[in-house]
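> structure for the following, please:
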Amino acid sequence: MRIIVNGQQAYGQAVLEALLERGENVVGVYCAPDKEGKKLDPLKEYALSKDLPVFQPASFKQKEVWDQMASLKPDLGVMAYVILLIPEEALNVPTYGTIQYHPSLLPKHRGPSSINWPIIQGEKKTGLSIFWPDKGLDTGPILLQKEVEITDEDTLGSVYFDKLFSLGVEAMMEAVDLVRAGNAPKLVQDEAQATYEGWCRKSDVEIDWSKSVDEVYNLIRGANPQPGAWTTLEGKKLEIFDCGRLADAGGAPGAVSHVSATGFNVAAEGGQIQVKRIRPEGEKKISAGEFATAGGITNRVHLGS
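Here you go, the predicted model:
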């Protein structure tokens, strides 16, 4: 098949690499426009190293873009991490249509931060979907899905990089094979089960220490490393990344109950958070123990007040 790849960043590059290693006929690569002062997108850089034609339209809503895509005579479009909403006119250019990767078990967690929210909401599993995009946002029929466990130790980073990233590349190759064989499913999503969340932004991940220790723990994990859960210490923002959870009571919500060379504990409802890695406002990430040893925090301080 003649394949066009549309994507960006490391996942887009990994999908393109896997396609080429299999000997697939990639006839064009689409990625986001360059940003002034920023490094080339990894997908673009890799495509150019393989002498593949690269296209970077600012929008896919123009007829000239659809005509240009059609000139490549593609059989299949593969979307690997695409943030732009692509109109159906572009999706339908390839003979067999377009397939897309989404890191959740659709129809749950539609939207751009679909890995953060299941962790933050305390769910025990998530996964990925390869689906046939349509004019909606993550609403098209499902081609295949893969499920993964969310353990108590998982973070946004571990779920994505250790579980969904490589599995997503493999799933995309499986999907391409199903399309080629002519038996790729198109299972309509159950709208009664659908959920949607927007971007997980900094304003969404301020820590409320009066909530249960489980809720606080899930919030920190689901925002690690991005966008970074945060609280305040003496009026300055303090981001918290790696952490643990203790069932022992530690005093009033937000109270620092224990400080040592390995970090410090903060009380929440029903337990404590063991803070292991932080980023003070305007500084780099450091271990919480290093911060404590340098006198950055002491017992009886209250965070978030």
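> any weak-confidence spans in this structure?
Along the chain, no part satisfies pLDDT under 70.
> report the central residue of it.
The centroid of the chain falls nearest to residue 115 when counting by Cα atoms, centre = their mean (4.9 Å).
> what residues does it make contact with?
Contact analysis of residue 115 by Cβ atoms under 8 Å, 6 or more residues apart in numbering lists 103, 104, 126, 156, 159, 160, 164. Every residue, glycine included, has its C-beta placed from N, CA and C.
> how much space separates it from residue 80?
According to Cβ to Cβ, to the nearest Å, residue 115 stands 15 Å off from residue 80.
> same deal with residue 120?
According to Cβ to Cβ, residue 120 stands 25 Å off from residue 80.
> tell me which of these two has more neighbours.
Legend: neighbour count by other Cβ atoms under 10 Å for residue 120 and residue 80, higher for residue 80 (25 against 22).
> not counting sequence-adjacent ones, nearest residue to that one?
residue 7 (3.4 Å; Cβ to Cβ, 6 or more residues apart in numbering).
> could you verify my assumption that that neighbour touches residue 14?
No - Residue 7 lies out of contact with residue 14 (Cβ atoms under 8 Å); the separation is 9.4 Å.
> longest helix of the chain?
Assignment by DSSP state H gives helix 165-181 as the longest helix of the chain.
> what packs against that helix?
Counting contacts by 3 or more Cβ pairs under 8 Å, 6 or more residues apart in numbering; DSSP states H and E, helix 165-181 packs against helix 9-21, strand 76-80, strand 98-102, strand 125-131, strand 142-149.
> residues touching stretch 9-27, excluding its own?
With Cβ under 8 Å, 6+ apart as the contact definition, stretch 9-27 has outside contacts at 1-5, 7, 29, 31, 41-43, 45-47, 50, 52-53, 72-74, 78, 80-81, 101, 165-166, 168-169, 172-173, 176.
> for ChimeraX, write the selection for the buried entries among those residues.
Filtering those down to the buried ones (16 or more other Cβ atoms under 10 Å) takes a single ChimeraX command:
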select :1,3,4,5,7,29,31,41,42,43,46,47,52,72,74,78,80,81,101,168,169,172,173,176
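> domains of this structure?
Annotated domains of the chain cover 2-193, 203-293 [automatic domain parsing].
> could you dump these to a markdown table with distance to residue 303?
A markdown table is the format used below for the domains of the chain (distance: least, Cβ to Cβ, whole Å):
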| stretch | distance to residue 303 |
| --- | --- |
| domain 2-193 | 19 |
| domain 203-293 | 5 |
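> rewinding a little: now do the shared contacts for residue 7 and residue 14.
residue 80.
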